[in-house]
Every structure is written in C-alpha cells, then in structure tokens.
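Colleague: My questions concern the predicted model and sequence given below.
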Amino acid sequence: MPAEPLVCADTATRVSSVLNRDVKQFGKKHMFDANEETCWNSDQGSCQWVTLDFPRTVRVSQLHIQFQGGFSSRLCTLEGCRTGEELVKISDVYPEDINAMQIFQVEETALDTLKITFENSIDFFGRIVVYHLQVLGERL
C-alpha cells in the first residue's frame with residue numbers, strides 16, 4: 001500500500017516554543033499549510049521539538065521536512081508510542097543544512113503519538129525554522 005500523508009485537521013500538534021510567542025506569524029500550523037511563504041519559527045533554546053497526536057493509530061514510514069538553511073538541525077530524534085504508553089526512540093535522522101525538502105525513511109512503527117526533537121541546531125541560539133513537515137505512512 002502506498003504511503004499517504006498522516007497529518008490531518010484532527011491531528012493535535014504541540015511545539016516547544018514559538019518565536020516571540022507570535023503564533024499568528026510563526027505558529028505551528030504553518031508547517032502544515034503547504035504555503036511556501038509561511039513557517040514555524042521556534043524561539044531560542046536547545047532541543048526544540050514537535051509532537052503529533054494522531055486521531056487514530058498510524059504506521060509511520062517516512063518523514064518529509066523542509067528547514068530554512070541556517071536554522072536547521074543536525075540531528076532529529078524520532079520517538080513514538082501508543083496511547084497510554086511512554087515514548088520510545090524510533091530512529092535518528094541527520095538532515096542537511098539546506099532549504100530543500102528532505103525525505104527520510106523511518107523504521108515502520110505503529111503509534112498514536114510521534115515526537116520529533118531537533119537537537120544540535122545549526123543556529124547559535126538554537127532556533128529552528130520549518131517550512132514544511134509531513135509524516136507519511138498508513139492509517140491502521
């Protein structure tokens with residue numbers, strides 16, 4: 001079965017921070033709006049993160065992410081769990097510091113929650129800028 005986008009209107013999303021708390025201009029919704037001119041911009045600090053709570057169990061197989069060069073992460077740690085369980089590490093991915101969309105294969109894992117932690121930011125202040133984030137796989 002081909003992979004399909006798993007993030008939908010019913011997916012609850014949380015982020016570690018938003019630049020200057022300006023959610024209208026830099027909020028998390030901008031990662032998923034398919035608009036080339038909007039983005040999620042974290043505030044400064046180490047280990048920024050995004051958590052996705054899917055409305056039903058999914059099997060994740062790919063991560064698509066587009067950073068702004070200079071505000072990317074050298075290491076992204078993916079953790080996941082089923083409802084009521086503790087997060088467990090799924091895999092690490094190592095993005096390049098480029099503006100292009102990057103696609104990563106992920107060890108297929110059934111989960112209800114996915115947490116992506118952006119470690120080792122390129123930016124001196126630890127800020128992360130994500131223009132597009134998509135998780136692909138199948139709904140179970």
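Modeller: All right, it came through fine. Residues are numbered from 1 along each chain as shown.

Colleague: hey, let's count contacts and neighbours off CA atoms from now on
Modeller: Fine.

Colleague: Would you map the strands across the chain?
Modeller: 4-5, 12-15, 40-41, 48-67, 73-81, 88-93, 102-121, 129-139 (DSSP state E).

Colleague: okay if I get those strands as TSV plus mean neighbour count and distance to residue 24?
Modeller: As requested, those are exported to TSV (neighbours: other Cα atoms under 10 Å; distance: least, Cα to Cα, whole Å):
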stretch	mean neighbour count	distance to residue 24
strand 4-5	15	24
strand 12-15	16	14
strand 40-41	26	10
strand 48-67	20	17
strand 73-81	20	23
strand 88-93	15	29
strand 102-121	19	22
strand 129-139	21	15
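
Colleague: Give me the distance between the nearest residue to residue 118 once chain neighbours are set aside and residue 68.
Modeller: Excluding the flanking residues, the one nearest residue 118 by Cα to Cα, 6 or more residues apart in numbering is residue 76, at 4.7 Å. As judged by Cα to Cα, to the nearest Å, residue 76 and residue 68 stand 15 Å apart.

Colleague: again, but for residue 130
Modeller: With Cα to Cα as the criterion, residue 130 and residue 68 are 6 Å apart.

Colleague: tell me, what's touching those two both at once?
Modeller: Counting by Cα atoms under 8 Å, 6 or more residues apart in numbering, residue 130 and residue 68 have no contacts in common.
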